[in-house]
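Asks: I would like to see how this sequence folds:
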Amino acid sequence: MIKIAVINGPNLNLLGEREKGFYGCFTYDELTTDILNFAKNNNIEVSVFQSNIEGEIINEIHRLRKWADGIVINAAGYTHTSVAIRDALIAFGKPVVEVHISNVYKRENFRHKSYISDIAEGVIAGLGKYSYIYAIDFLNNLLKK
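Replies: Okay, here's the model as predicted:
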């Protein structure tokens, strides 16, 4: 069974409460439930992790080197600032897909810069919670080959 980890960065625990115009009305728990249901229905083993702390995200990526076959990551604000998360993903050494709930390219210019995009297999942005579903589906198909 393919094992995919989903990692979420800062403030995503506040989904459903903040900036609904960008992120929609669904909560983090609803997002997690949809991810787990999709994985179960497609025979994929998935872990879901969220932290507001950069070092915890890095530690989780390090831990996943021995468990996951691929990572779906929404590093949120750290996407645009964290060389350390980029380096951890490079050390992970397996496929990564970067996702964003909102279309970062329709937002402020500082959100257009990503430290992850050029090391990722792909980037999915602006499709709400479907960004995660499509990324998991993509990784599952990629890893089956």
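Asks: C-alpha from now on. contacts and neighbour counts both.
Replies: Will do.
Asks: Which residue is the nearest non-sequential neighbour of Phe92?
Replies: The spatially closest residue to Phe92, leaving aside those adjacent along the chain, is Arg65, at 5.3 Å (Cα to Cα, 6 or more residues apart in numbering).
Asks: Tell me the spacing between the one you found and Ile90.
Replies: 11 Å (Cα to Cα, to the nearest Å).
Asks: What of Glu56?
Replies: For Glu56 relative to Ile90 (Cα to Cα), the value is 17 Å.
Asks: swap in Val99?
Replies: Taken as Cα to Cα, the span from Val99 to Ile90 is 17 Å.
Asks: Please say which of those two ends up with more neighbours.
Replies: Set Val99 next to Ile90 and count neighbours by other Cα atoms under 10 Å: Val99 wins out with 32 against 16.
Asks: check contacts around His62.
Replies: Ala88, Ala91, Phe92 (Cα atoms under 8 Å, 6 or more residues apart in numbering).
Asks: how many neighbours does the residue nearest to Phe92 have?
Replies: Residues near Arg65, counting by other Cα under 10 Å: 17.
Asks: Kindly report the same for the one 5 residues further on.
Replies: Using other Cα under 10 Å, Gly70 has 25 other residues around it.
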